[in-house]
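Asker: Need the 3D shape of this:
(2 chains)
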Amino acid sequence: MSIKTAAVTGNEAASYALRQINPDVVAAYPITPQTELVQSFSEYVADGLVDTELITVESEHSAMSACVGAAAAGGRVMTATSANGLALMFEILFIAASNKLPIVMPVVNRALSGPINIHCDHGDTMAARDAGWIQIYSENAQEVYDNLIQAIRIAENMKVRLPVMVMFDGFIISHGIERVDYLDDATVRNFIGTYQPNHPLLDIDKPLTFGPLDLYDYYFEHKRQQAEDIKNSKPIILDVAREFKEISAREYGLFESYHLDDAETAIVVLSSAAGTAKAVVDELRDRGRKVGLLKPRVFRPFPYIEIAQALSHLKAIAILDRSVSFGSFGGPLFTEIRSAMVEFKKIPENFNIIFGLGGRDINEQDITGIYNQLDEVVKSGKVKERVQYLGVRD
Amino acid sequence: MAKLKDLVNKPEILSPGHRLCAGCGASIAVRQILSASDDPVVVACATGCLEVATTIYPYTSWRSPFIHNAFENVAATISGVETMYQSLKKQGKIDKEIKFIAFGGDGGTYDIGLQSLSGALERGHNFVYVCYDNEAYMNTGIQRSSATPRGAWTTTTPVGEVIPGKTQYRKDLTRIIAAHNIPYAAQASIWRWSDLIDKAHKAFYTKGPAFLNVLSLCHRGWRFLLEDTIKISKLAVQTNFWPLYEVENGKYKLNYKPKERLPITEWMKPQGRYKHLLTPENESIVEEIQQEIDNNWERLLVLSGEK
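Answerer: Numbers count the residues shown, from 1 in each chain, chains lettered A, B, ... in the order given. Below you'll find the model as predicted:
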């Protein structure tokens, strides 16, 4: 095993993973900030470095539709998108999941229109959270690369057989240059293994009907099975992470805890903002404050018991959402975690912060302010405002 | 030319017992077309009558591999299937010869699926696309589409006090498809079965995308007697309402020329959807429709070098 260290953008790291995965078919359509990923992969195709047949479709709707056809046919299939592109795929996301097709899709998180905006927030993938896909959020370019390789194994596991989205923050990660340690091609290919077809459409000797009309006499049972399948992917995700550690020495779980065990207060936040928050935790820890962080990695299936358990000893927590769920109690992460905590007798004081919509920055000062607010909550035993908007002009 | 004796001995891909209506034009079209392939086929189908009536879980009428994805994306879906086949073939993982065919109704082709189809044609996938055109959204209960002819009654172009049915002419899809400069596009009728089967055979054995537009009568939506499907199919051709022609590598060819063009009223008379037009106050509309039919025919004669 050899490791190659590179200074690359998140998009390049994703594209490099795609090259090593070497899918049989990729169907993709360009959209900012994903574009560079597809461009870079097109070069691998043009240079003959992959076996992939690239379908340059005329829309994201057709990208996902072609992925469904290709995956049903019986092979490894990938695509990539962002924001409005994901929204255009919406109808077919559900069909891909219900057909149990192990499509893997990097999604470069970007704010949904309207108004149109090309920068990061999580509104796009949060809107797709109930489509039946496994959803994995990545903090940085290294995690993008690592998660994509693991996603293939998770998606294609015979007990799972579900599509997986791997998310990373638009521009912040997709266009920022970072250090990434790449595994060598042979190690990756050995790790993911060869694709095992499961009832392929192209098996003309065993003709099968995909996508039948399924009415009130069976539809409910099929949805029930689907609910069970995604729930059962949790131990598989952990198994794959354990095996991945053996080849990479990098550790992954359903979520990451950072100085959480002995903390009194903590922030829960996804993706790149967790990186900023870790720097703040370090600084505050140096000053003797007992602060911690929990960064969910897997959002679907949501590890509700595991996360609620990991947070149960805290005095107060702030849950940060980079998306807004209009008309809901709070952001999606907040409502998931708050409802999961009901399982425990003692619930930490908690509040929700909506931040960073449309790419608005969150900085160390902002995060220090949240830890200060958590201290005040602990002191007074009172939460002033349950759902807050950070850094917005009211 | 296809021989009836050979055709009856061929195993059928669409098995009997499906729930399409008796007298449905679509099932006749599908059976004629599928009889034209000498190789195994993978069938894709857009949401519509054909799909819902042949795949009611846990049953299926398809003896070939079959995939339904959604309404507007059958062309994109089959391009995915076909591309995977090409990829696996190139990698030496599959060696069988397989044909790929997509079926969509006029709603799924003229309207909601046009972008997906246009994209797949431009990319040049090796597949056959069949539009089984029954001139309205029949599966949802006879709503107008851009294939519905002018003057026809549908549930969204009702015959009211002020508006007598559909006010617009239909889209000329076959020419739109031919304008993609694909190797083969044709218009066909289930009445001229041997012409349709020949065209389907050509389509299957053309390298690259091929397109067939087949008038597929719907007695429920057009309001005629179910035993008259073929008789009325014939009238569509003999009135020049549905000319039979093909466009092979850009060259137009007329496949049937009626000895004597019947007036369009002969096509309208047996169909309840035109009943309101055959009254003295709507005579001018019928004249306009006749004029449009004749103009289109003249243009086709020029395009095909007959004039």
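Asker: any chance you could map the strands in the stretch 151-300 of chain B?
Answerer: Listed in chain order, the strands of the stretch 151-300 of chain B (DSSP state E, counting those that start in this stretch) span B:184-189, B:210-215, B:245-248, B:251-254.
Asker: Ok, which of those comes nearest B:T55?
Answerer: Of all the strands of the stretch 151-300 of chain B, strand B:210-215 sits nearest to B:T55, with 20.5 Å by C-beta to C-beta. Heads up, the C-betas are built off the backbone N, CA and C, glycines and all.
Asker: Run a quick neighbour tally on the residue nearest to A:A6 when sequence neighbours are not counted.
Answerer: Distances taken as C-beta to C-beta, 6 or more residues apart in numbering or on different chains place A:V180 nearest to A:A6, at 5.5 Å, with adjacent residues excluded. With neighbours defined by other C-beta atoms under 10 Å in any protein chain shown, the count for A:V180 comes to 23.
Asker: Measure how far the helix or strand encompassing A:V180 is from the centre of its chain, please.
Answerer: Taking DSSP states H and E as the criterion, A:V180 maps to strand A:177-183. Per C-alpha atoms, centre = their mean, to the nearest Å, the displacement of strand A:177-183 from the mean C-alpha position of its chain is 19 Å.
Asker: Check which residues of the very next helix or strand once past that strand are buried.
Answerer: Per DSSP H and E, the first helix or strand lying C-terminal to strand A:177-183 is helix A:185-192. The neighbour-count check on helix A:185-192 (16 or more other C-beta atoms under 10 Å in any protein chain shown) flags A:187-188, A:191-192 as buried.
Asker: export those to CSV and tack on distance to chain B and pLDDT?
Answerer: Converted to CSV, the buried residues of helix A:185-192 look like this (distance: C-beta to the nearest C-beta, whole Å; pLDDT from 0 to 100):
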residue, distance to chain B, pLDDT
A:T187, 21, 98
A:V188, 18, 98
A:F191, 20, 98
A:I192, 16, 98
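Asker: biggest separation within those, which pair?
Answerer: A:T187 and A:I192 (9.9 Å).
Asker: hmm, back to that, just the buried residues of the strand holding A:V180, please?
Answerer: A:178, A:180, A:182-183.
Asker: how many degrees apart are that strand and helix A:185-192 in direction?
Answerer: 70 degrees (axes from the mean of the first three to the mean of the last three C-alpha atoms, to 10 degrees).
Asker: Nearest residue to the residue of chain A found nearest chain B in space, ignoring adjacent ones along the chain?
Answerer: Residue nearest to chain B within chain A: A:G69 (2.7 Å; C-beta to the nearest C-beta). Nearest residue to A:G69 in three dimensions, chain neighbours excluded: B:G80, at 2.7 Å (C-beta to C-beta, 6+ apart).
Asker: does the residue of chain B found nearest chain A sit in a helix or strand, and which one?
Answerer: Nearest residue of chain B to chain A, counting by C-beta to the nearest C-beta: B:G80, 2.7 Å away. Remark: B:G80 resides in helix B:74-90, with elements defined by DSSP H and E.
Asker: Kindly report the same for A:R285.
Answerer: helix A:272-286.
Asker: who's in contact with A:P348?
Answerer: A:311-312, A:314-317, A:341 (C-beta atoms under 8 Å, 6 or more residues apart in numbering or on different chains).
Asker: And the pLDDT for it?
Answerer: Per-residue pLDDT puts A:P348 at 97.
Asker: Equivalent analysis for B:L4, please.
Answerer: 83.
Asker: how many neighbours does it have?
Answerer: Per other C-beta under 10 Å, the neighbour tally for B:L4 reads 10.
Asker: cool, the one 3 residues further on as well?
Answerer: Other residues within reach of B:L7, judged by other C-beta under 10 Å, total 16.
Asker: Wasn't it part of a helix?
Answerer: Yes. Using DSSP: H, G, I helix; E, B strand; the rest coil, the secondary structure at B:L7 is a helix.
Asker: Leaving out the residues flanking it, which one is nearest to it?
Answerer: B:S35 (5.1 Å).
Asker: Does that neighbour touch B:N9 like I think?
Answerer: No. Distance between B:S35 and B:N9: 10.1 Å, which falls outside the contact criterion (C-beta atoms under 8 Å).
Asker: Between these two, which is the more surrounded one?
Answerer: B:S35 (22 against 8).
Asker: Contact partners for the more buried one?
Answerer: The neighbours of B:S35, taking C-beta under 8 Å, 6+ apart as the test, are B:2, B:7, B:10, B:12, B:197, B:200.
Asker: For it, give its distance to B:K166.
Answerer: Note on B:S35: its distance to B:K166, by C-beta to C-beta, to the nearest Å, is 34 Å.
Asker: Same question for A:N350.
Answerer: According to C-beta to C-beta, A:N350 stands 59 Å off from B:K166.
Asker: Let me see the residues that make contact with stretch A:85-101.
Answerer: A:29, A:31, A:34, A:59-61, A:63-65, A:67-68, A:71-72, A:77, A:81, A:103, A:107, A:112, A:124-125, A:127-128, A:131-133, A:161-163, A:198, A:210-211, A:222, A:226, A:229, B:69-70, B:73.
Asker: do that again at 7 Å, thanks
Answerer: With C-beta atoms under 7 Å, 6 or more residues apart in numbering or on different chains as the test, stretch A:85-101 has contacts from A:29, A:31, A:59-61, A:63-65, A:67-68, A:71-72, A:81, A:103, A:107, A:112, A:124-125, A:127-128, A:131-133, A:161-163, A:210-211, A:226, B:69-70, B:73.
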